[in-house]
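Enquirer: What shape does this take:
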Amino acid sequence: MRKKSFLLACGVAAALFGPLAQSENLLDVYQAAVKSDPLIREAEARRLAALEAKPQARALLLPQVALNGQAYTAESDSESYFPQVNTTTGEVVSVGNRNETDTDQYWDYTARLTQTIFRWDQWQTLKRADSEVALAEANYRAAQQDLMVRASQRYFDVLAAEDTLAAAEATLQAFSRQLEQSEKRFEVGLIAITDVQESRAAYDTATAGVIAAKRALASSQELLRELTGEAYASLVKPAEDMPLDQPQPADPQVWVDQALEQNLDVIAGRLGVEVAKSDVKIAQSGHMPTLDLFAQRTENDREADQVNTRIDRTGDPNNPPPVPVAGIADSNRTDDVIGVQVNIPIFAGGGTQSRVRQQVYLHRAAREKLDGAMRGAERETRDAYLGVIAEKARVVALRQSVKSNLTALEATEAGFEVGTRTTVDVLDARRRLFEAQRDYARSRYDYLINLVRLKSASGVLAPADLASINAFLTMPTALPPSQPPSPPPAG
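Expert: Numbering: from 1, shown residues only. Next up is the predicted model:
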């Protein structure tokens, strides 16, 4: 019996504390997102693709070697005529020649080496490639920071939804007890039927609130699953004594100045302007000459048999009859050429001028985009900084609000017991407590999310920042399985 009791106790402990022992924290979720999120994998692939711009641009300035050739067999049959004077009649007649050639084997090849001496577009393309590579790196870093923000947002959204559900279920239980008490009091004639109806309405509203809270939790869990590819049975949330630190430095302008220098959207905007400027210079190269050094070797070889037959249409009896002449018609040839090739554009129908204007307009658009990125970075940084400050004060205020509403509920219930408060007063006090608990839980997560957004807006967000926030998470909490909420019982 003792052994069975011990095994039963171990099983209960494993069921209760097993999920908590395997609770995932913010860093675990982020690492899973790094491996699973399609957006970060797409950004990495685009980064690797953009890195190829540099070797492609460099390749244009290096020697270009091409080799082409052919080998074939052929048969040909041709006739050709030319005018000739008949020595007997003095008339001009046609004399022809028939040629039959059977080529047993023919091959040729041409090898050509070209080395750029001056091509303005190729040098500008190489310079543009540096900006392209830097832009790809900036976009990839921006994708990494965006992933950290999204992972934090979805992680804390799940915790906020779980806290809201817990508060809603506690409120529903309290309203259920209130309804039972009201029905019993009504049965003995202590209260009117309106009190029972008020309790029933509050209970029904609380039931709908629980359903909505379950739906919100399920949605937030699915969003987290979309990001990480995993379903979590337990996460870790911050303790009640979570520190509320002031952003350092405690000067919003310092954060703004840092954002204008390091915000990745701003950096990408600057690099986009450089790319657009290089595109203008590449388009202008259409007005400039090109100079190339080239060397070429051509060789061919033919093995053939040929039959030539003279065709006599003069009608001169003194001419001997045509006799076919057959023989070998082999040939071979080798040409070696080296020189300089110059191309000077004169007129291209106005296409070059149009391309230049097009790139000038795109350069102007890139500058406007940079200006928008700088304004957006300043706005996001100030907003995130103010969000941290406001949420810090809000957490403190809502923490006190929960305590005050709990005290008010206890006082209202005591007054209800002695007849100085009504059922409506008790219900209102419970609603206010629920709202305070819900808002307090949300404000703590909003404070942490604004810390992440502030670092992201200023361009300095790194996994180490998530690690510092992760240190605040010390309380494992079990999550219900993601499933549709069940309807309330009828009646």
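Enquirer: Just grab the bridge partners of S331 for me.
Expert: Here S331 sits in beta bridges with R302, going by DSSP bridges.
Enquirer: Can you pull the poorly scored residue ranges out of the stretch 301-450 of the chain?
Expert: 312-323 (pLDDT under 70).
Enquirer: quick one: the helices in it?
Expert: Secondary structure of the stretch 301-450 of the chain (DSSP state H, counting those that start in this stretch): helices at 351-418, 423-457.
Enquirer: what sits up against stretch 289-305?
Expert: Residues outside stretch 289-305 that contact it (C-beta atoms under 8 Å, 6 or more residues apart in numbering): 101-119, 326-345. Every residue, glycine included, has its C-beta placed from N, CA and C.
Enquirer: in that stretch, what's buried?
Expert: For stretch 289-305, the neighbour count (16 or more other C-beta atoms under 10 Å) marks 290, 292, 300, 302-304 as buried.
Enquirer: and what of stretch 203-218?
Expert: Applying 16+ other C-beta under 10 Å to stretch 203-218 flags 203, 206-207, 209-211, 213-214, 216-218 as buried.
Enquirer: Could you save the residues you listed as JSON lines and add columns showing secondary structure and pLDDT?
Expert: Formatted as JSON lines, the buried residues of stretch 203-218 follow (DSSP: H, G, I helix; E, B strand; the rest coil; pLDDT from 0 to 100):
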{"residue": "Y203", "secondary structure": "helix", "pLDDT": "89"}
{"residue": "A206", "secondary structure": "helix", "pLDDT": "90"}
{"residue": "T207", "secondary structure": "helix", "pLDDT": "93"}
{"residue": "G209", "secondary structure": "helix", "pLDDT": "91"}
{"residue": "V210", "secondary structure": "helix", "pLDDT": "93"}
{"residue": "I211", "secondary structure": "helix", "pLDDT": "94"}
{"residue": "A213", "secondary structure": "helix", "pLDDT": "93"}
{"residue": "K214", "secondary structure": "helix", "pLDDT": "94"}
{"residue": "A216", "secondary structure": "helix", "pLDDT": "94"}
{"residue": "L217", "secondary structure": "helix", "pLDDT": "94"}
{"residue": "A218", "secondary structure": "helix", "pLDDT": "94"}
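Enquirer: got those as a markdown table, with distance to Q31 columns?
Expert: Listed next are these as a markdown table, based on distance: C-beta to C-beta, whole Å:
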| residue | distance to Q31 |
| --- | --- |
| Y203 | 44 |
| A206 | 39 |
| T207 | 39 |
| G209 | 35 |
| V210 | 33 |
| I211 | 34 |
| A213 | 29 |
| K214 | 28 |
| A216 | 26 |
| L217 | 23 |
| A218 | 24 |
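Enquirer: Which of these sits closest to L370?
Expert: Nearest to L370 among the buried residues of stretch 203-218 is A216, at 39.2 Å by C-beta to C-beta.
Enquirer: surely the closest one meets D163?
Expert: No - A216 is beyond contact range of D163, at 11.1 Å (criterion: C-beta atoms under 8 Å).
Enquirer: Which pLDDT value does the model give A9?
Expert: A9 carries a pLDDT score of 40 in this model.
Enquirer: repeat for R215
Expert: 94.
Enquirer: For E410, state which of the buried residues of stretch 289-305 is nearest.
Expert: Nearest to E410 out of those is T290 (C-beta to C-beta; 89.1 Å).
Enquirer: Okay, the closest one and T116: tell me how far apart.
Expert: Applying C-beta to C-beta, to the nearest Å, the value for T290 to T116 is 8 Å.
Enquirer: Kindly report the same for K369.
Expert: 33 Å.
Enquirer: neighbours of D371, just the number please.
Expert: Neighbour count of D371, defined by other C-beta atoms under 10 Å: 12.
Enquirer: what about the strands in the stretch 201-350 of the chain?
Expert: Counting by DSSP state E, counting those that start in this stretch, the stretch 201-350 of the chain has strands at residues 234-238, 290-312, 325-328, 331-343.
Enquirer: Including distance to Y140, could those strands go into JSON lines?
Expert: Below are the strands of the stretch 201-350 of the chain laid out as JSON lines (distance: least, C-beta to C-beta, whole Å):
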{"stretch": "strand 234-238", "distance to Y140": "28"}
{"stretch": "strand 290-312", "distance to Y140": "36"}
{"stretch": "strand 325-328", "distance to Y140": "68"}
{"stretch": "strand 331-343", "distance to Y140": "39"}
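Enquirer: For R432, which of these is the nearest?
Expert: R432 lies closest to strand 234-238 among these, at 23.6 Å (C-beta to C-beta).
Enquirer: now the closest one against helix 423-457, angle please.
Expert: Computed by axes from the mean of the first three to the mean of the last three C-alpha atoms, to 10 degrees, the angle separating strand 234-238 from helix 423-457 equals 90 degrees.
Enquirer: Can you spell out which helices and strands pack onto strand 234-238?
Expert: Packing contacts for strand 234-238, counted by 3 or more C-beta pairs under 8 Å, 6 or more residues apart in numbering; DSSP states H and E, involve helix 120-187, strand 473-478.
Enquirer: For A462, which of the ones you listed is the nearest?
Expert: The nearest among the helices and strands packed on strand 234-238, by C-beta to C-beta, is helix 120-187 at 8.1 Å.
Enquirer: Who are the packing partners of the closest one?
Expert: Where contact means 3+ C-beta pairs under 8 Å, 6+ apart, helix 120-187 is packed against helix 26-36, helix 38-51, helix 53-59, helix 193-228, strand 234-238, helix 264-284, helix 423-457, helix 463-470.
Enquirer: distance of E261 from A33?
Expert: For E261, the distance to A33 - C-beta to C-beta - is 28 Å.
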